[in-house]
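Participant: Have a look; sequence and predicted model below, questions after that.
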Protein chains: 2
Amino acid sequence: MNTLSYGLLSLLSLKPCSGYDLMHQFELFWPAKHSQIYPLLSAMEKEGLVSFELVSQSDKPDKKVYTITDRGTAALKEWLEGPTGEPVMKDEMLLKTYCLWNTSPENALRMFGEREKLYEEKLGRLEAKVRMLEQVANGDPDNLEFRSHYFGIYMLLNKALSNTRSNLEWCRWARAAIGKRIHEGGG
Amino acid sequence: MNTLSYGLLSLLSLKPCSGYDLMHQFELFWPAKHSQIYPLLSAMEKEGLVSFELVSQSDKPDKKVYTITDRGTAALKEWLEGPTGEPVMKDEMLLKTYCLWNTSPENALRMFGEREKLYEEKLGRLEAKVRMLEQVANGDPDNLEFRSHYFGIYMLLNKALSNTRSNLEWCRWARAAIGKRIHEGGG
DNA sequence: TGGCATTATGTCAAAACTGACATAGAAGGG
DNA sequence: CCCTTCTATGTCAGTTTTGACATAATGCCA
């Protein structure tokens, strides 16, 4: 039982999902490939933390829908009471920024432009999720109760939105700072 | 040559450092243990990307100070021109937040309280670094030139500060949102 | 009919990373 | 004098994670 296993239980506590679904939902806060998720689910099924059901689909390939068991829920609740690991951020962009003076201002502008685009796309996807949440929450997510299955998602979306906006602003500020130095003939 | 190797070259392009120093400087943007850094530096030395010198210290144990070589600088510049990997964030707190309705509001408050403290401490460390940068930049870091060795660090500190402040605010907002629901008898 | 994207699941070798073990000099407190 | 903390470097077994390989059904476009 590692952190990713508990993450799978966390998502499954909301509703039953296929491994494929879980992988896509994970992207936001714990990126993992299918080659890691499928064997883990299989192992968790053997331990009795989750169960699965084969579901036939007419328009798509069949899938295995996993459901959390009582044992899984018990493990989940125990995990929630325990200590929480520190956040880990790994961003190649930061490593490059550190030694930015080793490249041309033009290349630096390109780098930050690409990163800006990435954050813009992420922001768009997040805003779409917020609109979806507003629909299922019947209007204002601020009225969600603590026991609502959507309360946690609402909090996560708030964090992701403010982080992404902050990062987007940073890219724009960096591009302006570099541009200013190009026109000043700084180099 | 993986991303961490280039990260080491990036830090070494600023000034020669020991492995121990590098490890501590990495904490901010690519956490790595000494058990990963020491063997990597050794391998990079064999490939001629860095060289080292044994430095005796009277007040502390001796150390190996690594310096980037011409080959290392060439590799660094090539890396800066290439594609940049997407940022990866792994945070157990987010996994727990997703299924927060499975625990008590009191435990949720504790979790966010601990996280708030963590971000407060991080903010303090960052602000200390900003003050150090202001000293070496002779006042306003906004006047740093693109070619300055400190320009990149200035940009990184800006990002880290705004991210940490954003995360701190999020923790406080979350605690208020949970507290409100406790007093409303929501549960 | 062939090619491509999406959905869907799986295996496996290799790479990245962690945690524990191991050593050791120096400083500071009790 | 012992204990702890900090500095400093190293190894290694085990865990986590990736990237490649493998298969296959469906829909869509040409």
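Facilitator: Arrived safely.
Participant: CA atoms for contacts and neighbours, from now on please.
Facilitator: Noted.
Participant: Per-residue pLDDT of A:Gly187, please?
Facilitator: Looking at A:Gly187, its pLDDT is 56.
Participant: Tell me who's in contact with A:Asn143.
Facilitator: Contact partners of A:Asn143, counting by C-alpha atoms under 8 Å, 6 or more residues apart in numbering or on different chains, are absent.
Participant: Now do the SS call for the residue positioned nearest the centre of chain A.
Facilitator: Residue closest to the average C-alpha location in chain A (C-alpha atoms, centre = their mean): A:Leu28, at 0.8 Å. Here A:Leu28 is coil, with the state taken from DSSP: H, G, I helix; E, B strand; the rest coil.
Participant: and if you look at A:Leu54?
Facilitator: Applying three-state DSSP: A:Leu54 is strand.
Participant: And the one 3 residues further on, by the same measure?
Facilitator: With three-state DSSP as the basis, A:Gln57 sits in coil.
Participant: can you list the domains in chain A?
Facilitator: A:3-81, A:92-183 (automatic domain parsing).
Participant: Export the ones you listed as CSV, with columns for distance to DNA strand D and mean pLDDT.
Facilitator: Formatted as CSV, the domains of chain A follow (distance: least, C-alpha to the nearest atom of the strand, whole Å; pLDDT from 0 to 100):
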stretch, distance to DNA strand D, mean pLDDT
domain A:3-81, 4, 97
domain A:92-183, 12, 95
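Participant: for DNA strand C, what are the nearby residues on chain A?
Facilitator: For chain A, the residues in contact with DNA strand C (C-alpha under 7 Å from any atom of the strand) are A:18-21, A:34-36, A:38-39, A:42, A:60-65.
Participant: most neighbours, which of these?
Facilitator: A:Gly19 (21 neighbours; other C-alpha atoms under 10 Å in any protein chain shown).
Participant: That residue contacts A:Lys64, doesn't it?
Facilitator: Yes: A:Gly19 is within contact range of A:Lys64, at 7.3 Å (criterion: C-alpha atoms under 8 Å).
Participant: What ranges does chain A have for its strands?
Facilitator: Along chain A, counting by DSSP state E, strands occupy A:17-18, A:50-55, A:63-68, A:88-90.
Participant: does the second one come close to chain B?
Facilitator: No: judged by C-alpha under 8 Å from any C-alpha of the partner chain, strand A:50-55 makes no contact with chain B; its nearest approach is 15.9 Å.
Participant: Touching that strand from outside, list them.
Facilitator: Outside strand A:50-55, the residues that reach it (C-alpha under 8 Å, 6+ apart) are A:9, A:41, A:44-45, A:62-69, A:72.
Participant: let's go with 7 Å and repeat that
Facilitator: Residues outside strand A:50-55 that contact it (C-alpha atoms under 7 Å, 6 or more residues apart in numbering or on different chains): A:Met44, A:Glu45, A:Asp62, A:Lys63, A:Lys64, A:Val65, A:Tyr66, A:Thr67, A:Ile68, A:Thr69, A:Gly72.
Participant: can I get the CA coordinates of it in CSV?
Facilitator: Coordinates of each C-alpha in strand A:50-55 appear next as CSV, following Å, rounded to 0.1, in the frame of the first residue of the first chain:
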residue,chain,number,x,y,z
VAL,A,50,-11.5,-3.1,-4.3
SER,A,51,-13.7,-5.4,-6.4
PHE,A,52,-14.4,-5.2,-10.1
GLU,A,53,-17.1,-6.0,-12.6
LEU,A,54,-16.7,-6.5,-16.3
VAL,A,55,-18.8,-4.0,-18.2
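Participant: Okay, buried residues for it please.
Facilitator: Buried residues in strand A:50-55, counting neighbours by 16 or more other C-alpha atoms under 10 Å in any protein chain shown, are found at A:Val50, A:Ser51, A:Phe52.
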